[in-house]
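[1] Sequence below, structure please.
(one chain, ligands or ions: 1)
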Amino acid sequence: MTVAPVASSTAPGIAATTDLTKVHGSGDTEVVALDRVSITFREGEFTAIMGPSGCGKSTLMHCAAGLDAPTSGSVRIGTTELSTLGDRSLTQLRRDRIGFIFQAFNLLPTLTALENITLPLSIAGRRPDQEWLDRVVAMVGLTGRLGHRPAQLSGGQQQRVAVARALASQPEIIFGDEPTGNLDSRAGAEVLGFLRDSVRELGRTVVMVTHDPVAAGYADRVVFLADGRLVDEMTRPTPDRVLDLMKTLDPRAA
Ligand SMILES: Nc1ncnc2c1ncn2[C@@H]1O[C@H](COP(=O)(O)OP(=O)(O)OP(=O)(O)O)[C@@H](O)[C@H]1O
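    Sure thing, here's the model as predicted:
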């Protein structure tokens, strides 16, 4: 079995795409979802990916996280070029080095919150680092609820379990696809606060796809896609500035 090399701390970014192109379908139904996108996600940074519906946000996240294969161009996590990996090594890389948070919480209903949080580690045959786990559980405010099953938790609490699960293995990078899409604004704000805290306090790297300028306002940097291309970037975003820029990309947002 090929074991992916550990990321070098001198790597210029924790993840990067170079000239990433993704074409969905073929012939009459061909869609160029990404057109030569080059982007670096820097260590210890919270990046939001925004842009009008259908601009390629989810496709970019899926390719950058090794969930989907590029049509051309390259993707790396740390110093590992994903195209060099077979299916098994890619699965292993996703499991060991990446954390995922999706709009649907994707928790197993028969497992407790704690069992859900530690499941990826159990599958990998790794013991949780108890001190780290305690910190993560305390940060997301689940200390008293670890024995609850998902059905006994609110939507916001279930997503907190998913955040803790993504952090539990101390992954190099966490990818979120509309992680607050199923939450009301209060629960969403809590989850976004935890993602920001995981960057500021725990030194993690987070990349999040969102259509919500308020959510993007939690990030350190927002990158904007339009028609499959990277068209702009903003540091220290505020919801108002993000909304103004979105209006220039998508008049329907005005
Ligand atoms: N599996 C697929 N087969 C064919 N076309 C696809 C597929 N997945 C995505 N597309 C197309 O690729 C383009 C980009 O889709 P993508 O889901 O990445 O956009 P998005 O910015 O995340 O959209 P939204 O904000 O609406 O979720 C769209 O035109 C979409 O219809």
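
[2] Which of the residues in stretch 197-210 are classified as buried?
    198, 199, 204, 205, 206, 207, 208, 209, 210 (16 or more other C-beta atoms under 10 Å). Every C-beta, even on glycine, is put in place using the N, C-alpha and C of the backbone.

[3] Validate this expectation: the first one resides in a strand.
    No. Membership of residue 198 in a strand is not supported by DSSP: H, G, I helix; E, B strand; the rest coil, which gives helix.

[4] need the contact list for it.
    Residues in contact with residue 198 (C-beta atoms under 8 Å, 6 or more residues apart in numbering) are 136, 139, 163, 167, 174, 204, 206.

[5] Mind doing that once more with 10 Å?
    Counting by C-beta atoms under 10 Å, 6 or more residues apart in numbering, residue 198 touches 46, 99, 136, 139-140, 163-164, 166-167, 174, 204-206.

[6] which residues sit in contact with residue 204?
    Per C-beta under 10 Å, 6+ apart, neighbours of residue 204: 14, 43-46, 99, 136, 166-167, 170-174, 195, 197-198.

[7] cutoff 7 Å now
    167, 174, 198 (C-beta atoms under 7 Å, 6 or more residues apart in numbering).

[8] From residue 163, how far out is it?
    11 Å (C-beta to C-beta, to the nearest Å).

[9] can you give me the helices for the stretch 101-250 of the chain?
    Remark: helices assigned in the stretch 101-250 of the chain by DSSP state H, counting those that start in this stretch are 113-124, 130-139, 155-168, 185-200, 213-216, 239-249.

[10] In CSV, please show the C-alpha coordinates belonging to the fourth one.
    Extracted C-alpha coordinates of helix 185-200, given in CSV (Å, rounded to 0.1, in the frame of the first residue of the first chain):
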residue,chain,number,x,y,z
SER,A,185,-29.2,32.0,11.7
ARG,A,186,-28.4,31.6,15.4
ALA,A,187,-27.2,28.0,15.0
GLY,A,188,-25.4,29.0,11.8
ALA,A,189,-23.6,31.8,13.6
GLU,A,190,-22.5,29.4,16.3
VAL,A,191,-21.0,26.9,13.9
LEU,A,192,-19.3,29.7,11.9
GLY,A,193,-17.9,30.9,15.2
PHE,A,194,-16.5,27.4,16.0
LEU,A,195,-14.9,27.2,12.5
ARG,A,196,-13.3,30.6,13.1
ASP,A,197,-12.1,29.5,16.6
SER,A,198,-10.7,26.3,15.1
VAL,A,199,-8.5,28.5,12.9
ARG,A,200,-7.6,31.2,15.5
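
[11] so it versus helix 130-139, what angle?
    Helix 185-200 and helix 130-139 meet at an angle of 150 degrees, taking axes from the mean of the first three to the mean of the last three C-alpha atoms, to 10 degrees as the criterion.

[12] in helix 185-200, what counts as buried?
    Buried residues in helix 185-200, counted by 16+ other C-beta under 10 Å: 187, 188, 189, 190, 191, 192, 194, 195, 196, 198, 199.

[13] angle of that helix against helix 155-168?
    10 degrees.

[14] Mind checking the helices of the stretch 101-250 of the chain for the one nearest to the ligand?
    Smallest distance to the ligand across the helices of the stretch 101-250 of the chain (C-beta to the nearest ligand atom): 11.2 Å, for helix 239-249.

[15] buried residues in the closest one?
    Within helix 239-249, the residues scored as buried using 16+ other C-beta under 10 Å are 242, 243, 245, 246, 249.

[16] That one packs against which elements?
    When contacts are defined as 3 or more C-beta pairs under 7 Å, 6 or more residues apart in numbering; DSSP states H and E, helix 239-249 packs onto helix 213-216, strand 221-226, strand 229-235.

[17] For residue 57, find the nearest of those.
    strand 221-226 (5.9 Å; C-beta to C-beta).

[18] Residues touching the closest one, excluding its own?
    39, 45, 47-52, 55-57, 60, 216, 230-235, 237, 242, 245, 249.
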